[in-house]
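>>> What would the 3D arrangement of this be:
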Amino acid sequence: MLTIVVITIIIAVLFDFLNGMNDAANSIATVVSTKVLSPFMAVLWAAFFNFAAVFFFGITVATTIGKGIVEPSIINEYVILGGLLGAIAWVYVCTRLGMPISVSHALIGGLMGPALLIGGPSAILTSGITKILIFIVLSPLIGIILGYFIMIFTLVIFRKAHPRNVDKSFRFLQLASSAVFSMAHGSNDAQKTMGIIAILLFSTGQLGPEFYVPTWVIFTCYTAISLGTLAGGRKVIKTLGSGLTKLKPVQGFSAETAGAITIIASTLGGIPVSTTHTITGAIMGVGLTKRISAIRWGIAGNIIVAWIFTIPGTMLLGGGTYWLISLFI
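Reported below is the predicted structural model:
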């Protein structure tokens, strides 16, 4: 059993790496598209602040993932393994295609698939899933609203300033907003893998009678997501950074600030949200301050379709992978 546990932990860390690789675009798409940083410097910047989040945030999201998605009593190393492999397959394909999907929801769907096979609908914790489903809708909406109003507020404040001076000032301010957004991303997303590893260790008797997240798990997950961010996801960066709408530094600052506020508030509330959903909504909100036609709605529609199919798709992949594994155990 210990061998399977170790293999599953390694795969979980790989998933965390892919999470950073796909979601690197969320952290740096705007700062790259506005040419404040080169892609190489941007991924270094984002990776550093992804890891820095380890010193500022707790483990509320990790606890939600570990104990709030599926019934803990049915979880074992094979359930986690099947769910992770299903999620990894989905994330890898979507990253290769340049689709900024929710890695968080891929993980949640991956876990739900095996749970439904084992225990049926009663194996799913309705309260936790309901909260996540609500925020699938709310997080991009909040991002749109905050992005719109922060952009309007900024335009009002700097309405008499020369455009060249505004652009110059916000090139520096966007470095700060990008750093805060990267910290927000690291804080929410790294905790999801922490929760998976912690519940795996707990369910196999490695933690003792009480659930907690070991320190080594916390630092391992933050390291993995930071390294994944370094690897980047260039196609996704292109989709988010210039595919949805054209951005200038002031707009990039507004979008990142809106996204960071939404994600940090969710993290403190223990809600595993999608950083992809949030920053996409924020970028759209900023674009709406120009005109509705400034948003490339065809691209936005393709992203929304990918969001809709992520949980059902990973449920099938996770459940199918678990079923195949069960044939050999």
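>>> can you pull out the helices in this structure?
Counting by DSSP state H, one finds helices in the chain at the ranges 2-33, 39-52, 60-67, 77-97, 103-119, 126-157, 163-203, 215-231, 234-238, 249-268, 275-288, 297-326.
>>> between those helices, which gets the lowest average pLDDT?
Mean pLDDT per stretch puts helix 234-238 lowest among the helices of the chain, at a mean of 54.
>>> hmm, back to that, any chance of the helices of the chain in JSON lines, plus mean neighbour count and distance to Pro209?
Backbone N, C-alpha and C define where each C-beta goes, glycine included. Below are the helices of the chain laid out as JSON lines (neighbours: other Cβ atoms under 10 Å; distance: least, Cβ to Cβ, whole Å):
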{"stretch": "helix 2-33", "mean neighbour count": "24", "distance to Pro209": "18"}
{"stretch": "helix 39-52", "mean neighbour count": "21", "distance to Pro209": "32"}
{"stretch": "helix 60-67", "mean neighbour count": "23", "distance to Pro209": "14"}
{"stretch": "helix 77-97", "mean neighbour count": "23", "distance to Pro209": "19"}
{"stretch": "helix 103-119", "mean neighbour count": "26", "distance to Pro209": "23"}
{"stretch": "helix 126-157", "mean neighbour count": "18", "distance to Pro209": "22"}
{"stretch": "helix 163-203", "mean neighbour count": "23", "distance to Pro209": "9"}
{"stretch": "helix 215-231", "mean neighbour count": "21", "distance to Pro209": "18"}
{"stretch": "helix 234-238", "mean neighbour count": "20", "distance to Pro209": "42"}
{"stretch": "helix 249-268", "mean neighbour count": "26", "distance to Pro209": "28"}
{"stretch": "helix 275-288", "mean neighbour count": "30", "distance to Pro209": "34"}
{"stretch": "helix 297-326", "mean neighbour count": "18", "distance to Pro209": "27"}
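>>> Next one: Ala115 from Lys290, what distance?
Distance from Ala115 to Lys290, counting by Cβ to Cβ, to the nearest Å: 45 Å.
>>> ok, now Cys94?
According to Cβ to Cβ, Cys94 stands 29 Å off from Lys290.
>>> How about Ala255?
According to Cβ to Cβ, Ala255 and Lys290 sit 13 Å apart.
>>> ditto for Phe40
30 Å.
>>> just Leu227 next, same as before
As for Leu227, its distance to Lys290 is 37 Å (criterion: Cβ to Cβ).
>>> And Phe309, by the same measure?
30 Å.
>>> now Phe135
In terms of Cβ to Cβ, Phe135 sits 27 Å off from Lys290.
>>> now Ala184
25 Å.
>>> Now the phi/psi pair for the residue lying farthest from the centre of the chain, please.
Residue farthest from the centre of the chain, counting by Cα atoms, centre = their mean, is Lys160 at 37.6 Å. Torsion angles at Lys160 (phi, psi; degrees, to the nearest 10) stand at phi -100, psi 0.
>>> That'll do, ta.
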